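Engineer: Generate coordinates for the sequence data below:
(one chain, ligands or ions: 1)
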Amino acid sequence: KGKLYICPTPIGNLEDITLRVLRTLKEVDIIAAEDTRHTINLLRHFSIQKPLTSYHEHNEKNKSQYLIDKLLEGESIALVSDAGMPGISDPGEVLIKACIQQDIPFEVLPGATASILALVASGLSTRRFAFEGFLDRDRKKRKERLEKIKLEDRTLVFYEAPHRVADTLQDMIDILGNREAVIARELTKKYEEFIRGRLNEVYQYLQENPPKGEMVLLCGGISLEEEVRREQETFQHLTIREHIS
Ligand code: SAM
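Structural biologist: Purely as a prediction, here's the structure:
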């Protein structure tokens, strides 16, 4: 059997690729990439030439079987995504599950991922956190998700696109309340920026400075005071209902 290597790649600054990832990319037989054109540029930068095959969300299921067959034939494969850690809001999960089921050895190499960098730099509590990835594009579903996690007391970490962030912030203010929030933008790149404040302050800032580039949106978990306030509200509703009945 061959072996699968999950290889994180830089999220901006090319110096963030690890020596181990570089060695692995040089040693494997095939590199499976989310976007082969994107990965060719990365490989070219590091003078690596390898056969590439595509592995993205639209062919993840079918392509997994193809890659598994290659692994069973004894080939070694590196999986990379466009940026950061494969499997984190990127393809990877299906292939790893298949490897576990079929007893194919694999290794996950450590490296860059936007979520952890943003969390640590945010100044919000890092003691406990919940990674939410992308919220749904559909407003109704997005709101449903926020409703589901509004009592969560861990720091919340979201990935978000610049053209949707204003709507998302608005929904968060409505559903989560005006909590502390941080936008971590263009991490490891030239115009890296952190916008910190209450959700409404961050919203206001973005109205005046429309955001560009990639961003992670974080907010605090529910505070003790908010929890007490919400419980009192529920209690009031209940007593009112008791009075009515
Ligand atoms: N696998 C990646 C990781 O480990 O972070 C995430 C891939 S996901 C498709 C892309 C999202 O990650 C972006 O929309 C953004 O929310 C976040 N992201 C990636 N690179 C970033 C950067 N340099 N600065 C801020 N956010 C980034």
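Engineer: A strand includes Leu71, no?
Structural biologist: No. Applying DSSP: H, G, I helix; E, B strand; the rest coil, one finds Leu71 to be helix, outside a strand.
Engineer: Counting neighbours, what do you get for the residue lying closest to it once chain neighbours are set aside?
Structural biologist: Sequence neighbours aside, Gly2 is the residue nearest to Leu71 in space, at 4.4 Å (criterion: C-beta to C-beta, 6 or more residues apart in numbering). All C-beta atoms are positioned from the backbone trio N, CA, C, and that covers glycine. Look at Gly2: counted by other C-beta atoms under 10 Å, it has 20 neighbours.
Engineer: right, and Gly2 touches Ile30 too?
Structural biologist: No. If you go by C-beta atoms under 8 Å, Gly2 and Ile30 don't touch, sitting 9.1 Å apart.
Engineer: Pull out the buried positions in the helix or strand harbouring Leu95.
Structural biologist: Here Leu95, judged by DSSP states H and E, is contained in helix 93-101. Residues of helix 93-101 classed as buried by neighbour count (16 or more other C-beta atoms under 10 Å): 94-96, 98-99.
Engineer: after it comes which helix or strand?
Structural biologist: strand 106-108.
Engineer: Whether the helix or strand just after that next one contacts the ligand - can you check?
Structural biologist: The first helix or strand that comes after strand 106-108 along the chain, using DSSP H and E, is helix 114-122. Yes. Part of helix 114-122 sits near the ligand under the criterion C-beta under 6 Å from any ligand atom, namely 114-115.
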